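>>> pasted the sequence and its predicted model underneath.
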Amino acid sequence: MEIRGARVPRRAVVASVNKKVDEQNVQAVTTNVSALTALLAATIGGPVVKVAAFTYGVRSALADRPGTRTRRKVADQTRANKAAARAAKRRKAD
């Protein structure tokens, strides 16, 4: 095979053509992935954000009730006191 008067091995021509085809395939796949991502973001992204915002608001409203933190602290301290009493009892038994 000859290209512009120079003799080029067929393998080099085939390799060159394969490289160009691969580049075109990569561009096509990239375009398709970009379009699919945009479609997915438009159809699912909006509702998911709304649900997440609603869930966050509900959790915040329920978690920040007056006295919730105090009750939690008292419960934690009570648990710690009971654990310390059990440990002291075990030490006395030994």
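Arrived safely, thanks for sending.
>>> state the distance from residue 25 to residue 31.
Computed as Cβ to Cβ, to the nearest Å, the residue 25 to residue 31 distance reads 11 Å. The way it works is simple: take the backbone N, C-alpha and C, and place the C-beta from them, glycine included.
>>> give me the neighbour count for residue 36.
Residue 36 is flanked by 10 other residues according to other Cβ atoms under 10 Å.
>>> what strand or helix carries it?
According to DSSP states H and E, residue 36 maps onto helix 10-40.
>>> starting at the chain centroid, how far to that helix?
The gap between the average C-alpha position of helix 10-40 and the chain average comes to 27 Å, counting by Cα atoms, centre = their mean, to the nearest Å.
>>> make 20 the first number, not 1, from now on.
Happy to do that; since the first residue is 20 now, the last one works out to helix 29-59.
>>> state the mean pLDDT of the helix or strand residue 108 falls within.
In this assignment (DSSP H and E), residue 108 forms part of helix 87-112. Per-residue pLDDT values across helix 87-112 average out to 89.
>>> what of stretch 72-80?
88.
>>> re earlier: show me which residues of the helix holding residue 108 are buried.
Along helix 87-112, not one residue counts as buried under the neighbour rule (16 or more other Cβ atoms under 10 Å).
>>> report the secondary structure state of residue 85.
coil (DSSP: H, G, I helix; E, B strand; the rest coil).
>>> and it, its phi and psi?
Per-residue torsions, residue 85: phi -60, psi 130 (degrees, to the nearest 10).
>>> what's the burial count for it?
Per other Cβ under 10 Å, the neighbour tally for residue 85 reads 6.
>>> and it, how far from residue 97?
In this structure, residue 85 lies at 20 Å from residue 97, with Cβ to Cβ as the measure.
>>> what does residue 107 give?
When Cβ to Cβ is the yardstick, residue 107 and residue 97 sit 16 Å from each other.
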